[in-house]
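# My questions concern the predicted model and sequence given below.
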Amino acid sequence: MLKILKFLSRTSKIKKGFVTFAIFAIIHPNITMAATESVLENAEKVSSGNTVVTAVLDTLKVHSPEEILKNTTLKHRAILIDEYLKEKDSPMEGCGVEIATADNWEKVMSLGTAESNLGKRAMNYNAWGVMQFNNGKASIRKMGDNWCEAVGAFDKFLNEYPRKGKTYAQRTIEEMCNLYKQPCHLKPVPHHWVTNNKVVLKKMAELDLKAVTLAKAEIESKNVLTFNK
């Protein structure tokens, strides 16, 4: 990569300062987040129609502080989720990566808890109580051939249903009451289904904060980045 960037600095129309920074960033990864953001922003301005600049820009983004933190956080989130599932004696233990990377991972966990105690009272790899209707008859929908596959299928379900109006992914738990869960009520006191979901969502928020903290500590220990305290 270093040789490629040196070659580009001689043969392309890339601004010399940008290439110099790109080389510096590879040699000295311990750069501040603000510095990288500034360079990426300036690079965007000169990248229109220049495939060479765009290629270098993409390389920097892959190793940008945001991506490093995001990927390391995902790793720790997956580990913490698996630890949580093991603690709860859930059959979904081992699917931490699939859950951690799901668009609606918090709801995967909260709805799985409220509906089936994280799969311990489930059929057809369906921890979330999703039904299907054939000829007017309701049955538990099969979500996959294993729990990890089922996580992906349920995440997709949340993103696509209901077909009209806001999807379940876009709704709060309160808005899902008496729609996803029937019957359900919010008054005079919230239905236990709502309460159970809210409790788990709070735990997942705390789990994610811990994942971020662990990720930052790991990154700093490797002298890759430093974060403002």
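Looks like it came in fine.

# List phi and psi for residue 126.
phi -120, psi 90 (degrees, to the nearest 10).

# show me the residues around the nearest residue to it once chain neighbours are set aside that make contact.
With Cβ to Cβ, 6 or more residues apart in numbering as the criterion, residue 126 has its nearest non-adjacent residue at 4.6 Å, and that residue is residue 143. Quick note: C-beta positions are derived from backbone N, CA and C, even for glycine. Going by Cβ atoms under 8 Å, 6 or more residues apart in numbering, residue 143 touches 124, 125, 126, 127, 128, 130, 149, 150, 153, 154.

# repeat that for 10 Å
Counting by Cβ atoms under 10 Å, 6 or more residues apart in numbering, residue 143 makes contact with 122-128, 130, 149-154, 156-157.

# Where does pLDDT dip in the protein?
1-62, 224-229 (pLDDT under 70).

# which residues of it fall in strands?
Per DSSP state E, the chain carries strands over the ranges 131-134, 137-140.

# so what strands line up beside the first one?
Here strand 131-134 is paired, per DSSP bridges, with strand 137-140 (antiparallel).

# how far away is residue 177 from residue 160?
Computed as Cβ to Cβ, to the nearest Å, the residue 177 to residue 160 distance reads 20 Å.

# actually residue 72, sorry about that
Per Cβ to Cβ, residue 72 is found 30 Å from residue 160.

# out of the two, which sits in the busier spot?
More crowded of residue 72 and residue 160, by other Cβ atoms under 10 Å: residue 72, with 21 against 11.

# Skipping its backbone neighbours, what lies nearest that one in space?
In space, residue 72 is closest to residue 215, 3.9 Å off (Cβ to Cβ, 6+ apart).
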